[in-house]
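Undergrad: I need the structure of the sequence given here:
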Amino acid sequence: MNKKNQISAEITAAQSTAVSTNINNIIDALKHVLTINLTAEDRFNMLKMGDKTLAFVQRALDYAEQNEALIPPFLDLPEAKRDYKLAADLQAVQQKLATLLRSIEDTIMVAGGEAYEGTLVFYHSVKGAARSNVAGSQVIYDDLKQRFPARRKSGTASS
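TA: The predicted structure is shown next:
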């Protein structure tokens, strides 16, 4: 994997502080609505509203508003409309954050992969230096090789 360096950047302390502050501002702005903590079972068993369902819910709410005689007495239409609006508003936020998170994940993968590739080059250099008894290299190699446990070869003895 001898690709050219795809990224060479850093996040300054000021940028890191600004990002943390802005994330905290988002959390603070939404804390009154982000109060739900579902279990895996809850998530599995509940009705879910996706893009197609969103359109259905909006259309059904419009029909209900225009046809009050068809609304059952146990349905709180204003609450259903409020829930729909909250879900739609949060879905818009989620879409923006999902795009941001994907960009962050992609950048982490590239930067991490490049860092890992570079350190593997160093590791193999240290390994060769240790085999050649270069002063100080054996201690470094012994420490780093713990990441790569020895593999047993079946049926053959190795030197």
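
Undergrad: where in the protein is the helix or strand with the lowest mean pLDDT?
TA: Here the helix or strand of the chain ranked lowest by mean pLDDT, DSSP states H and E is helix 51-66, holding a mean of 93.

Undergrad: what are the contacting residues of that one?
TA: By C-beta atoms under 8 Å, 6 or more residues apart in numbering, the list of residues contacting helix 51-66 from outside reads Met49, Leu70, Ile71, Leu75, Leu77, Ala80, Lys81, Tyr84, Ala87, Ala88, Gln91. Placement of C-beta: from N, CA and C, glycine included.

Undergrad: next, the buried residues of it.
TA: By 16 or more other C-beta atoms under 10 Å, the buried positions in helix 51-66 come out as Val57, Leu61, Ala64.

Undergrad: okay, the contacts of helix 51-66 in a markdown table with pLDDT, neighbour count and distance to Ile104 next?
TA: Below are those laid out as a markdown table (pLDDT from 0 to 100; neighbours: other C-beta atoms under 10 Å; distance: C-beta to C-beta, whole Å):
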| residue | pLDDT | neighbour count | distance to Ile104 |
| --- | --- | --- | --- |
| Met49 | 89 | 16 | 26 |
| Leu70 | 97 | 9 | 47 |
| Ile71 | 96 | 14 | 45 |
| Leu75 | 97 | 10 | 41 |
| Leu77 | 97 | 13 | 40 |
| Ala80 | 96 | 15 | 35 |
| Lys81 | 96 | 16 | 35 |
| Tyr84 | 95 | 16 | 30 |
| Ala87 | 93 | 15 | 25 |
| Ala88 | 92 | 13 | 25 |
| Gln91 | 92 | 13 | 20 |
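
Undergrad: so where is this structure shaky, pLDDT-wise?
TA: Where the chain drops to pLDDT under 70, the residues are 1-3, 151-159.

Undergrad: nearest the geometric middle of it, what residue?
TA: Leu101 (5.6 Å; C-alpha atoms, centre = their mean).

Undergrad: and of the buried residues of helix 51-66, the nearest to Arg131?
TA: Checking the buried residues of helix 51-66 against Arg131 with C-beta to C-beta, the nearest one is Val57 at 67.3 Å.

Undergrad: how far away is the closest one from Tyr116?
TA: Distance, Val57 to Tyr116, using C-beta to C-beta, to the nearest Å: 46 Å.
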